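Asks: Here is my input, please return the structure:
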Amino acid sequence: MSSKRMPRQPVPALKVPVIEHGDWYMAAQKPSHFTLILVYRGFLHCPICRGYLKELQTLQDEFEKHGVNVLALSTDTEERARTTHIQWGLAGLPLGYGLPVEAARAWGLYISTSRGVTSAGIEEPARFAEPGLFLIRPDGTLYAASVNTMPFARPHFKDVLMMLDFIIKNDCPARGEA
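Replies: Okay, the predicted model is just below:
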């Protein structure tokens, strides 16, 4: 495991384009408490991602009330990202795209290769990142990470919000650094 993913250590640099928002820089994030980066498999080809992103969109205001900046991000192309932004009705949710596979690996994400057409009837990209959820402190250090090898068993956003209530109230330190 790369030390770049260790709790209490700086996360890798990240700059990605975001639909309707221009470029997004990890170093420019100054949340009250955390930045939440949700990496998902892909806008169009993953039906599980659609429901997950809609849930995040619904709860985005709650995350903001907790002092958390949100970014949803994939390895998808701009064309696929824009198509999904419209088709899935994700207005207001910052959707980053074009995450290079090498950058995804630096974040500790697993990379999959295409298995062809999915259950959604869309061709998977040749290579793409599997899901991951990261909470980063305002100082750019990793607080928590949940990384998956497949599309299933992702953290529930309502559980993350409850966790944030506890963490913020009790000033809990990051764990898992040893």
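Asks: Show the subsequent helix or strand relative to the helix or strand hosting Ala103.
Replies: Assigned by DSSP states H and E, Ala103 falls within helix 101-106. Sequence order places strand 111-113 as the next helix or strand after helix 101-106, per DSSP H and E.
Asks: Sheet-wise, list the partners of the helix or strand just after that next one with their directions.
Replies: Using DSSP H and E, the helix or strand that follows strand 111-113 in sequence is strand 127-129. Neighbouring strands of strand 127-129 in its sheet, by DSSP bridges, are strand 111-113 (antiparallel).
Asks: And the contacts of the strand it pairs with?
Replies: Here strand 111-113 makes contact (C-beta atoms under 8 Å, 6 or more residues apart in numbering) with 41, 101, 104-105, 124, 126-130. Where C-beta positions appear, they are placed from N, C-alpha and C, glycine not excepted.
Asks: got those residues as a markdown table, with distance to Arg137 and neighbour count columns?
Replies: Output for the contacts of strand 111-113, formatted as a markdown table (distance: C-beta to C-beta, whole Å; neighbours: other C-beta atoms under 10 Å):
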| residue | distance to Arg137 | neighbour count |
| --- | --- | --- |
| Arg41 | 26 | 24 |
| Val101 | 26 | 15 |
| Ala104 | 21 | 22 |
| Arg105 | 22 | 14 |
| Glu124 | 34 | 19 |
| Ala126 | 34 | 10 |
| Arg127 | 30 | 12 |
| Phe128 | 28 | 23 |
| Ala129 | 22 | 27 |
| Glu130 | 24 | 18 |
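Asks: residues in contact with the most centrally placed residue in the chain?
Replies: In the chain, the centroid-proximal residue (C-alpha atoms, centre = their mean) is Leu38; its distance is 1.3 Å. Listed by C-beta under 8 Å, 6+ apart, the contact partners of Leu38 are 52-53, 56, 70-73, 131-134.
Asks: Much appreciated, bye for now.
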